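>>> Structure for the following, please:
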Amino acid sequence: MRAYKSIFKLRFINSLQYRTAAIAGVLTQVAFGLMYLMLYRAFYSQGNIPDNFDYNQMASYVWLQQMFFIYFATFDRNKEIISQIEQGNICYEIVRPINLYTNWFCTVYAEKTSKTLLRFVPVLLVAALLPAGWGIGLPSSIWSFGLFIINMILGGILTVALSLVCYCLLFQTMSSLGVFSIFSTIASLLSGKLIPIPLTPVWFQNLLNYFPFRYTNDLPFRTYTGSISLNESLIQTLIQLAWTVLFVVLGNIYLKHNLKKVEVQGG
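Take a look at the predicted model:
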């Protein structure tokens, strides 16, 4: 366990050094946040107001998406892990006395967390200073905020677990471009990143309950805004936990299966 803590700490500190990228990310998230708000304001002005998702809730939802954009990003690829698989450097990782899946998990999660911290506070300050209807509001209740924190932790773990499945697929495809492009497109649509799920048709919302993607970023944000009741949020949290455990276990099994058959430089 101490080794994994060291890996997490090292990756976390290394990622904090990229301040220029963080500044660019903050400006991008603020610009996109304002753009989405203007777009949805036009949509709402036509009387298209979904149940349990008024404009203030939508504004908070949008800003939460921008604050935690990189935390739930599915397109973000770790070049070092990809290089290990594609160039055969995985052989050095296999002989180390640590679990490779946990090593990769700590690496990816640490990078996501550190990058998020660099962007979170500036975007939050901007969103908090904006007038009502444009900025982020307070959580619907203290209980909603507590569940929101739990959902955020589980959602981040689930996002990493899903992305590690893509890394495992590289043992078969040997190319990260296609795998991550397809995965990112599907995940963005089904998780509510492209269009907030409450703004989609009811049949589509019901369909998404059978996939793990909405339990990454949609569930935490709707819990925060009060778009769903506490009872429903609690039930959805249990489902989120089940998806998280499932993909962590499957990812471990899949990676071990690949390592048994891996060939390094034809050996």
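>>> Check which helix or strand the most centrally placed residue in the chain maps to.
The centroid of the chain falls nearest to residue 72 when counting by CA atoms, centre = their mean (1.5 Å). Counting by DSSP states H and E, no helix or strand carries residue 72.
>>> From what I see, it and residue 216 are in contact.
Yes. At 5.2 Å, residue 72 and residue 216 qualify as touching, with contact defined as CB atoms under 8 Å. For the C-beta atoms, the positions are set from N, CA and C on the backbone; glycine is no exception.
>>> Identify the contacts common to those two.
Listed contacts common to residue 72 and residue 216 are 155-156, 159, 191; contacts here mean CB atoms under 8 Å, 6 or more residues apart in numbering.
>>> now those: which count as buried?
155-156, 159, 191 (16 or more other CB atoms under 10 Å).
>>> so which of those residues comes closest to residue 121?
Of all those, residue 121 sits closest to residue 156, with 17.5 Å by CB to CB.
>>> wait, that closest one sits on residue 73?
No. When contacts are counted by CB under 8 Å, residue 156 is not listed as touching residue 73 (10.6 Å).
>>> list residues touching both of the two?
residue 112.
>>> What's the mean pLDDT across the helix or strand hosting residue 62?
Following DSSP H and E, one finds residue 62 within helix 55-67. Helix 55-67 comes out with an average pLDDT of 93.
>>> Can you name the element that comes right after that helix?
From helix 55-67, the next helix or strand downstream (DSSP H and E) is helix 79-87.
>>> What residues sit buried inside the helix or strand just after that following helix?
Per DSSP H and E, helix 79-87 leads on to helix 90-94 as the next helix or strand towards the C-terminus. Buried residues in helix 90-94, counted by 16+ other CB under 10 Å: residue 90.
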